[in-house]
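K.L.:
Any chance you can model this:
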Amino acid sequence: MRIPPNSVARSLLALSWLILFLAACSLPDPAAGPASPATVLRPGTLVWGYQGAASVLTAACSPNCNSLALGEADGRVQVRDALTGTITLSLRGQTQNVWGLAWSPDGKRLASASWDGTVRVWDSAAGRPLRTYRGHAGEVLAVAWSPDGARIASGSTDGTVQVWNATTGKRLVTYRGHTDGVQAVAWSPDGRSIASGSWDMTVQVWQAATGQRLLTYRGHQEDVIGSVTWSPDGERIASAADDLQVWQASQV
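P.N.:
As a prediction, the model looks like this:
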């Protein structure tokens, strides 16, 4: 079984950023009960923690920051209260490592990408499976919702990014510009473009509706691309390998 390069380091990096995000949500200490507006936590104060039988590989906060989804190495997805850490849902259906998680923009659905080759879409309130996407020929490492919540993009070890209807599962576009596995996908804020980061050490930007390549960024020389994200105004892209690079994207 081929493991995503530097997967452990990427998981730790992702969780570090997640901790910073949670801190920005001003979460109080659950041991103290509901916090008053005057409650202030000192930097470094543990809010809550979790360690299970299987490793946590990825995590994603809901859009309103009330819930936190965790993807584990045994294929389970947990949803926990972001304030207290209390588990609210345990989602089982995938059989291998869950590498990617993404909430729909309205927070009503959760997508999970797994090493078993599937992407599952869940009802985030009831925990019901809504859709299982099996279009990839390899393991699925990354998943992202379009800004309007209508489409999902998924990246795989098969070297493709596939864009599909989030409700019906119908494949709309297959992007084949990479020469190795795709570990990161991100939609532009306007939903017109997708940036995909690959084990081939490139980030490629392409039209979401047609799959036409707009730009190939080759600034990373030492490692695979494990994460990509757009600035809110769509002007720049940040990509992470062993290093972090921020580059102009507004002309694409």
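
K.L.:
Run through the bridge partners of the closest residue in space to A60 that isn't next to it in sequence.
P.N.:
Using Cβ to Cβ, 6 or more residues apart in numbering and skipping residues adjacent in sequence, the residue nearest A60 is L101, 4.1 Å away. Any C-beta I mention is one placed from the backbone N, CA and C, and that applies to glycine too. L101 has these beta-bridge partners by DSSP bridges: S112.

K.L.:
Can you give me the distance of L101 to G135?
P.N.:
Distance of L101 to G135, computed by Cβ to Cβ, to the nearest Å: 19 Å.

K.L.:
wait, what's in contact with the residue nearest to A60?
P.N.:
The contact partners of L101, by Cβ atoms under 8 Å, 6 or more residues apart in numbering, come to T58, A59, A60, A69, L70, G71, V77, L110, A111, S112, A113, V143.

K.L.:
one more time with 6 Å, if that's ok
P.N.:
Going by Cβ atoms under 6 Å, 6 or more residues apart in numbering, L101 touches T58, A60, A69, G71, S112.

K.L.:
model confidence over the helix or strand that the second one is a member of, on average?
P.N.:
Under the criterion of DSSP states H and E, A60 resides in strand 56-61. The average pLDDT for strand 56-61 rounds to 96.

K.L.:
Walk me through which strands the following helix or strand past that strand pairs with, and which way each runs.
P.N.:
Going down the chain from strand 56-61, the next helix or strand is strand 67-72, by DSSP H and E. Using DSSP bridges, strand 67-72 pairs in its sheet with strand 56-61 (antiparallel), strand 77-81 (antiparallel).

K.L.:
how about the strands in the stretch 51-200 of the chain?
P.N.:
56-61, 67-72, 77-81, 87-91, 98-103, 109-114, 119-123, 129-133, 140-145, 151-156, 161-165, 171-175, 182-187, 193-198 (DSSP state E, counting those that start in this stretch).

K.L.:
would you list the ones you listed in TSV and tack on distance to P232?
P.N.:
Shown next, in TSV, are the strands of the stretch 51-200 of the chain (distance: least, Cβ to Cβ, whole Å):
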stretch	distance to P232
strand 56-61	16
strand 67-72	22
strand 77-81	26
strand 87-91	29
strand 98-103	17
strand 109-114	22
strand 119-123	25
strand 129-133	28
strand 140-145	15
strand 151-156	19
strand 161-165	22
strand 171-175	24
strand 182-187	12
strand 193-198	14
